[in-house]
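*Asks:* My questions concern the predicted model and sequence given below.
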Amino acid sequence: MTHSSALEAANTFEELNLAPELLSAVAEMGYVTPTPIQREAIPLVLAGRDLLAQAQTGTGKTAAFTLPLLHKMCPHANTSTSPARHPVRALVLAPTRELAIQVYDNVAAYAKNLPLRSTVVFGGVNMKEQEAILRAGVEVLVATPGRLLDHAGNKTTLLNQVQFLVLDEADRMLDMGFLPDLKRILDLLPAKRQTLLFSATFNDEITRLANSFLRDPLKVEVARKNTATELVEQVAHKVAEDDKIDALLRVVKLRELSQALVFTRTKIAADKLCRRLQKRGVEAAAIHGDKAQVDRLLALEGFKQGKIKLLVATDIAARGIDIVELPCVFNYELPYSPEDYVHRIGRTGRAGASGLAVSLVSPEEDKLLAGVERFINRKLEITPLPSPPAPVPVAVPAPVPVPPLARPEADKVDAVPVARGRRAKEPVCALFLPPVRTGPDGGAPE
């Protein structure tokens, strides 16, 4: 195994010598400058080398293997309706349904100008629709290992013409116990093929796996070993376990976060937190392995559309959630595996954008925090929870003395008080005057 750096630094995608149809699609997506992993990997893949590549999540590694493989399949692109003209030439394996869907969406976007067919297959849904697409023929197949073996066993797809194999997030596949399935799949593939292994982290198991089925691979590392992306601001708050939900909502409010991805360790904890958030009037949903596939897709789509403010997830979803400009990730519970911390916070700060990762650490999680710090080789600064801004004092103007109303001098003289509060010249109602007495002839009395 040899180490390599980029053959020549490419400042634009045109300098990578990709097909015009791919360059057009990339330009439509707004991509201008290749990311470091793309500059490193694409020339090596185009040269036909096996690759063992490590890159931080969110750095564009899907394009790093998809673009060169589509370029190499351009001579096979055709519009024939015959399934025989569309055999599976590129196989991409992903550990989770969400990641498989994400990779497939990228493949479809990059290949939009090419007559190359692609699809994705994963468990949790009915196989009939997948079988129909596979029987019609596809050049690029993205799959989770278990469902791929189901289709292979039913003879709905053949893998004997695969020229390119990609293992995406290989470390997660090993963590999830997919090694026996991987070995079974490898037995179905031609021995002569180009194999690419991509992973966010490297360990001894990954190295042994690479040595077992890669041929003289080149190793590409565009990030320091086991580091979290430097574009993500990482903060930690010490919080009692019972106070975590209040702390979560406080940070969301005071930092004015439009959305956040909230990670728990277990499915039960994810469901419990989701229910508590909903009772408080928060638009929240949970996503984990026990959720039906349709529910997982609906939750993820609602989150992407902004209808869901807080998406609560377990680590099974850490690799497959790709939200453009996701502002924040919460570690509501620190993971047991320090590697999962890197994958979690890699959901924010993607493709050159900045992000925020907030860890709510209870006293019982101090050992887990220490494990994370050793793994990423840095200390997480413990900071107080944000406080609301102090109220701005309002200046109260001093009262302005009001002078007594001035009255005319004549009014002062005439206003002599009389009985019952009347003024001397005030008219009197005739009903209250004594009767007028008259004489016998009607005249005045004598």
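*Replies:* Okay, I see it.

*Asks:* what's across from residue 91 in the sheet?
*Replies:* Here residue 91 shows beta-bridge partners residue 141, residue 165, assigned using DSSP bridges.

*Asks:* Surely it and residue 141 touch.
*Replies:* Yes. Under the criterion of C-beta atoms under 8 Å, residue 91 lies in contact with residue 141, with a separation of 5.4 Å. Where you see a C-beta, it was placed from the backbone N, CA and C, and this is true even at glycine.

*Asks:* which residues do these two both contact?
*Replies:* Shared between the contact lists of residue 91 and residue 141 (criterion: C-beta atoms under 8 Å, 6 or more residues apart in numbering) are residues residue 148.

*Asks:* Make sure residue 344 is actually in contact with residue 355.
*Replies:* No. With contact defined as C-beta under 8 Å, residue 344 and residue 355 do not form a contacting pair (11.3 Å).

*Asks:* Please say which of these two ends up with more neighbours.
*Replies:* Neighbours around residue 344 and residue 355, counted as other C-beta atoms under 10 Å, are more numerous at residue 344. The numbers are 27 against 21.

*Asks:* which residues are in contact with the strand or helix carrying residue 133?
*Replies:* When secondary structure is defined using DSSP states H and E, the element that contains residue 133 is helix 127-136. Contacts of helix 127-136 from elsewhere in the structure, counted by C-beta under 8 Å, 6+ apart, are 83, 86, 117, 119, 121, 141, 147, 150-151, 154, 156-157.

*Asks:* Stretch 111-123 now?
*Replies:* Taking contacts as C-beta under 8 Å, 6+ apart, the residues outside stretch 111-123 that touch it are 19, 21-22, 24-25, 70, 73-74, 76-79, 86, 97, 100-101, 103-104, 107-108, 130, 133-134, 136-144, 146-148, 150-151, 293.

*Asks:* Surely residue 171 is in contact with residue 198?
*Replies:* No. With the criterion set as C-beta under 8 Å, residue 171 and residue 198 do not qualify as a contacting pair; they are 9.8 Å apart.

*Asks:* and stretch 205-214, how far from the chain's centre?
*Replies:* In terms of C-alpha atoms, centre = their mean, to the nearest Å, the centre of stretch 205-214 is set 31 Å apart from its chain centre.

*Asks:* cool, and stretch 383-391?
*Replies:* Shown here is stretch 383-391, whose average C-alpha point lies 26 Å from the average C-alpha point of the whole chain (C-alpha atoms, centre = their mean).

*Asks:* buried sites along it?
*Replies:* Judged by neighbour count (16 or more other C-beta atoms under 10 Å), stretch 383-391 contains these buried residues: residue 385.

*Asks:* average pLDDT for it?
*Replies:* Here stretch 383-391 scores 83 as its mean pLDDT.

*Asks:* what about residue 91 and residue 141, which has more around it?
*Replies:* When neighbours are counted by other C-beta under 10 Å, residue 141 comes out ahead of the other of residue 91 and residue 141, with 26 against 23.

*Asks:* Quick check, the more buried one in contact with residue 90.
*Replies:* Yes. Shown here, residue 141 and residue 90 form a contact pair, counting by C-beta under 8 Å, at 7.2 Å.

*Asks:* the domain parsing of this structure - what is it?
*Replies:* Here the domain parsing of the chain from automatic domain parsing is 2-221, 232-376.

*Asks:* Quick check: the gap between residue 155 and residue 131.
*Replies:* 10 Å (C-beta to C-beta, to the nearest Å).

*Asks:* more crowded one of those two?
*Replies:* residue 131 (17 against 9).

*Asks:* any idea how far residue 241 lies from residue 361?
*Replies:* Plainly put, residue 241 is 10 Å away from residue 361 if you go by C-beta to C-beta.

*Asks:* Who has more neighbours out of these two?
*Replies:* Neighbours of residue 241 and residue 361, each counted by other C-beta under 10 Å, are more numerous for residue 361; the result is 20 against 12.

*Asks:* Strands of the protein, start to end?
*Replies:* Taking DSSP state E as the criterion, the chain carries its strands at 2-3, 51-54, 90-93, 118-121, 140-143, 164-168, 194-199, 218-221, 232-238, 260-263, 284-287, 310-313, 328-331, 355-361.

*Asks:* Comparing those strands by mean pLDDT, which bottoms out?
*Replies:* strand 2-3 (a mean of 42).

*Asks:* Can you pull the poorly scored residue ranges out of the stretch 51-200 of the chain?
*Replies:* Counting by pLDDT under 70, the ranges of the stretch 51-200 of the chain that qualify are 56-58.

*Asks:* And for residue 50, the neighbour number?
*Replies:* Using other C-beta under 10 Å: residue 50 sits among 20 other residues.

*Asks:* list residues touching both of residue 344 and residue 355?
*Replies:* Taking C-beta under 8 Å, 6+ apart as the contact definition, residue 344 and residue 355 share the neighbouring residues residue 329.

*Asks:* Tell me what the closest residue in space to residue 260 that isn't next to it in sequence is bridged to.
*Replies:* Taking C-beta to C-beta, 6 or more residues apart in numbering, and ignoring the residues beside it in sequence, residue 260 has residue 328 as its nearest neighbour in space, at 4.3 Å. Taking DSSP bridges as the rule, residue 328 bridges to residue 356.

*Asks:* give me the number of residues near residue 328?
*Replies:* Applying other C-beta under 10 Å, we find 24 other residues in the vicinity of residue 328.
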